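>>> Just need the structure, nothing else, for what follows:
(one chain, ligands or ions: 1)
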Amino acid sequence: MTEPLGIRVEGVHFGYPARPVLRGVDLTVAPGQLTALVGLNGCGKSTLLRLAAGLLRPERGRVLLGGDDLARLSRRAAARRVALLHQSSPAVPGMTVRHLVRQGRYAARGPLGMLREGDDPVVRRALRDVGVEDWAERDVDALSGGERQRVRLAMALAQDTRVLLLDEPTTYLDLHHQLDVLQTVVRLREERGLTVVMVLHDLAHAARFAERIVALRDGRVVADGAPRQVVTPGLLADVLRVAGRVGRDPEGGWPVCYPDHPLPTRI
Ligand SMILES: Nc1ncnc2c1ncn2[C@@H]1O[C@H](COP(=O)(O)OP(=O)(O)OP(=O)(O)O)[C@@H](O)[C@H]1O
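Reported below is the predicted structural model:
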């Protein structure tokens, strides 16, 4: 197992034209930590992950991976350290699952774009990690939404990075595969020492699988801590704009939410 890498987001401001999104985000993710990022639609979760992956540059502040400022790393050097599972991506007509997952190896390619020796075992392992090896020769555009989501996760794993950023990894998945994917993430993080940040809309999953929950509102971190401390009726109301109760799982002890009704929201 290689040493896990930590992430530091320092005073980050970012906006799209005419739309400020992040307004001074500070966040330190310890090496090997499994963090869930929660918040309302449009509050900036995906933007924060894109900044942490080096796909966007902060207007102010900086993002460090393992102590190195991402702004000083080339796109390829960053992609060797951090993989991002995007929220969605278009299907590529005629591309097989194996071919798509191999795209995850682009950062590991040599200067002439050739796959280095040893790439295929990484691709095979990624296909196995999410249980899609039997589909390797199928066309991606012939897969269901949930099947495609798992293949996209395999592509991110094929990058073989120490930091994994997952933007809604359970989207399109049935409950069986939601649990399967989240347990796989927990297992890989333990086995390979990955640092994981994942955006989850399901607070029940965040409370059960993450060791830390970070909540964003209006472009700022407004709650940050262990699920047992952070998941409260106040968080439901203030951050997720839902009135509800919070109890405890009788066996696991993690917080369980009983949402009741939505509260007014500006977004
Ligand atoms: N490429 C873009 N150009 C302009 N505005 C954008 C762009 N991408 C996102 N935004 C806007 O920035 C804000 C934050 O978007 P972001 O995707 O980070 O939110 P999010 O918290 O991930 O939302 P969701 O839960 O819906 O995925 C939103 O208001 C969105 O409309």
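>>> measure the nearest residue to Pro264 once chain neighbours are set aside to the ligand for me?
The shortest distance from Pro264 to any non-neighbouring residue, by CB to CB, 6 or more residues apart in numbering, is to Arg241 (7.3 Å). C-beta here means a position set from N, CA and C on the backbone, and glycine is covered the same way. Between Arg241 and the ligand the distance is 13 Å, computed by CB to the nearest ligand atom, to the nearest Å.
>>> do Pro20 as well
Taking CB to the nearest ligand atom, one finds Pro20 at 9 Å from the ligand.
>>> How about the residues of this structure by the ligand?
Proximity of the chain to the ligand (CB under 6 Å from any ligand atom) is limited to residues Tyr16, Arg19, Val21, Gly39, Asn41, Gly42, Cys43, Gly44, Lys45, Ser46, Thr47, Gln87.
>>> So for the third one, what pLDDT did the model give?
Right, Val21. Here, the pLDDT recorded for Val21 equals 96.
>>> Return the distance of it relative to Val197.
17 Å (CB to CB, to the nearest Å).
>>> The two: who's more crowded?
Under the criterion of other CB atoms under 10 Å, the comparison of Val21 against Val197 puts Val197 first, with 27 against 22.
>>> what sits against the more buried one?
Ile7, Val29, Thr35, Ala36, Leu37, Leu49, Ala52, Val163, Leu164, Leu165, Leu166 (CB atoms under 8 Å, 6 or more residues apart in numbering).
>>> partners of the last one in the sheet?
Counting by DSSP bridges, Leu166 is bridged to Leu85, Met198.
>>> my read: it touches Leu194, true?
No. The criterion here is CB atoms under 8 Å, and Leu166 misses it with Leu194 at 10.5 Å.
>>> what residues are shared contacts of the two?
Counting by CB under 8 Å, 6+ apart, no residue touches both Leu166 and Leu194.
>>> Would you state the helices of this protein in chain order?
Ranges of helices within the chain are 45-52, 75-81, 97-103, 119-129, 145-158, 175-192, 203-209, 227-230, 233-238, based on DSSP state H.
>>> Right, I'll leave it there.
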